[in-house]
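1. Sequence plus the predicted model coming up.
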Amino acid sequence: MDLSTDYLGLHLVNPIVISASPLQRDLDNIRRMEDAGAAAVVLHSLFEEQIDIESKDLSLALDEGSETNAEGLSYHPDLRDYNLGPEPYLEHIARVKKATGIPIVASLNGVSLGGWTRYARLMQEAGADALELNLYFLPTDITLQPATLENQYCEVVQSVKSSLTIPLAVKISPFFTCMPNILQRLDNAGADALVLFNRFYQPDFDIEALEISPRLNLSTSAELPLRLNWVAIAYGHVNADLAITGGVHTPEDVLKSMMAGAKVAMMTSAILEKGIPHVTEVLTGVRAWMEEHEYDSIRLMQGSLSRGKAPHPANFERANYMRVLSSFPLGYDAPIFQG
């Protein structure tokens, strides 16, 4: 049974990739991920702010935005105990590559043009097999035009891509007016893969203390359909590989991701919740399902339920909206009708 897939020009033994998280700061964790069966690992992110902001100002900058990013909550420890420069990140890439035998993808998290793109080259020189650029930005300026932001994203991708010879993946959020268009534009800008989607982490309100407090909720499989929908729509319309991240927890989640058209299914929350050995359990479940349903390879199912191949493409469009709303079995004895 062939579970192999190709992603970012890399031949992977299976479609499970560990997405960026604080776990990857520890080399032993990455070794355990490899032993558990992970086909590749995306390292924790090097943030744009870590490069652009002087160290003496960085503590304040991180405090201002720490609650907006799940990685940021735990990736930026107390400044007294952590070396904030990017050099240790480059050294970590080299150590990980030397100690493991699976592809290692470095991660840059940022949104603006600048000298930090130089570190894309340095990550390549340190031994990274590919780079994932996480375009994470929460616009709060009411005067910012959507087209301006989208143009900036494409410029950043072009700039980073021009500095590399290794493949580039681009990770974005689901909050765009016309998702197919921005995916095509990023594809044209040079993205070798598109990763759908990163998760915006909003702070919670403490109504007793009257404070805004950070809150991190791990993903669940309930978040997967959003990713499946857009990957299935984009499949066959962009040259870039497609990857799903967010909501991948079970063997069924991996299989759905493949059928939608993804080359890989990325997981982090599942192993944060259940431990690194959960990767092995998921792979076992994938193999069992494939055997039961007589699939010889992952490649046979990739894109089989995409919009272009689905027997009812309207299920991805407005017709499905009406169908879903009318499918809920309401009766007069349902609680909603009780006084």
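-> Looks like it arrived, so ask away. Numbers count the residues shown, from 1 in each chain.
2. what about the stretch 51-200 of the chain, any weak spots by pLDDT?
-> For the stretch 51-200 of the chain, the stretches with pLDDT under 70 are 51-85, 114-116.
3. what about the strands in it?
-> 104-109, 130-134, 168-172, 193-196 (DSSP state E, counting those that start in this stretch).
4. and the ones you listed as CSV, adding distance to residue 275?
-> No exception for glycine: its C-beta is placed from N, CA and C like everyone else's. Formatted as CSV, those follow (distance: least, Cβ to Cβ, whole Å):
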stretch, distance to residue 275
strand 104-109, 21
strand 130-134, 24
strand 168-172, 24
strand 193-196, 24
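5. can you point me to the longest helix in the chain?
-> Using DSSP state H, we find that the single longest helix of the chain is helix 146-162.
6. buried set for that helix?
-> 149-150, 152-154, 156-161 (16 or more other Cβ atoms under 10 Å).
7. picking up where we left off before, would you convert the strands of the stretch 51-200 of the chain into CSV that also reports mean neighbour count and distance to residue 178?
-> Shown next, in CSV, are the strands of the stretch 51-200 of the chain (neighbours: other Cβ atoms under 10 Å; distance: least, Cβ to Cβ, whole Å):
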stretch, mean neighbour count, distance to residue 178
strand 104-109, 26, 24
strand 130-134, 27, 21
strand 168-172, 25, 13
strand 193-196, 26, 15
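8. Helices of the stretch 1-150 of the chain, residue ranges please.
-> 27-36, 48-52, 55-65, 70-75, 87-99, 118-126, 146-162 (DSSP state H, counting those that start in this stretch).
9. mind putting the ones you listed in JSON lines, distance to residue 268 included?
-> JSON lines is the format used below for the helices of the stretch 1-150 of the chain (distance: least, Cβ to Cβ, whole Å):
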{"stretch": "helix 27-36", "distance to residue 268": "11"}
{"stretch": "helix 48-52", "distance to residue 268": "20"}
{"stretch": "helix 55-65", "distance to residue 268": "20"}
{"stretch": "helix 70-75", "distance to residue 268": "9"}
{"stretch": "helix 87-99", "distance to residue 268": "17"}
{"stretch": "helix 118-126", "distance to residue 268": "20"}
{"stretch": "helix 146-162", "distance to residue 268": "23"}
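10. Might one say that residue 159 is in contact with residue 111?
-> No. Residue 159 lies out of contact with residue 111 (Cβ atoms under 8 Å); the separation is 11.7 Å.
11. Which of the helices or strands spans residue 287?
-> helix 278-292 (DSSP states H and E).
12. angle of that helix against helix 27-36?
-> The directions of helix 278-292 and helix 27-36 differ by 20 degrees, with axes from the mean of the first three to the mean of the last three Cα atoms, to 10 degrees as the criterion.
13. quick one: the helices in the stretch 151-300 of the chain?
-> Under DSSP H, counting those that start in this stretch, the stretch 151-300 of the chain gives helices at 179-189, 224-234, 251-260, 269-274, 278-292.
14. Run through the neighbouring helices and strands of the third one.
-> The reference is to helix 251-260. helix 224-234, strand 264-267, helix 278-292 (3 or more Cβ pairs under 8 Å, 6 or more residues apart in numbering; DSSP states H and E).
15. could I get it in PDB with only the CA atoms?
-> C-alpha atoms of helix 251-260 as PDB (Å, rounded to 0.1, in the frame of the first residue of the first chain):
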ATOM      1  CA  PRO A 251      -7.600   9.200  10.000                       C
ATOM      2  CA  GLU A 252     -10.900  10.300   8.400                       C
ATOM      3  CA  ASP A 253      -9.700  13.900   8.400                       C
ATOM      4  CA  VAL A 254      -6.500  13.000   6.500                       C
ATOM      5  CA  LEU A 255      -8.500  11.000   4.000                       C
ATOM      6  CA  LYS A 256     -11.000  13.800   3.400                       C
ATOM      7  CA  SER A 257      -8.100  16.200   2.900                       C
ATOM      8  CA  MET A 258      -6.600  14.000   0.200                       C
ATOM      9  CA  MET A 259     -10.000  13.600  -1.500                       C
ATOM     10  CA  ALA A 260     -10.500  17.300  -1.500                       C
END
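16. what's next to the helix holding residue 287, contact-wise?
-> With contacts defined as Cβ atoms under 8 Å, 6 or more residues apart in numbering, helix 278-292 is touched by 1, 3, 14, 16, 18, 33, 36-38, 250-252, 254-255, 267, 270-271, 295-296, 298.
17. Give the PyMOL command for selecting the buried subset of those residues.
-> The buried residues among these can be selected in PyMOL (16+ other Cβ under 10 Å) with this line:
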select buried, resi 3+14+16+18+33+36+37+38+250+251+254+255+267+270+271+295+298
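18. Okay then, goodbye and thanks.
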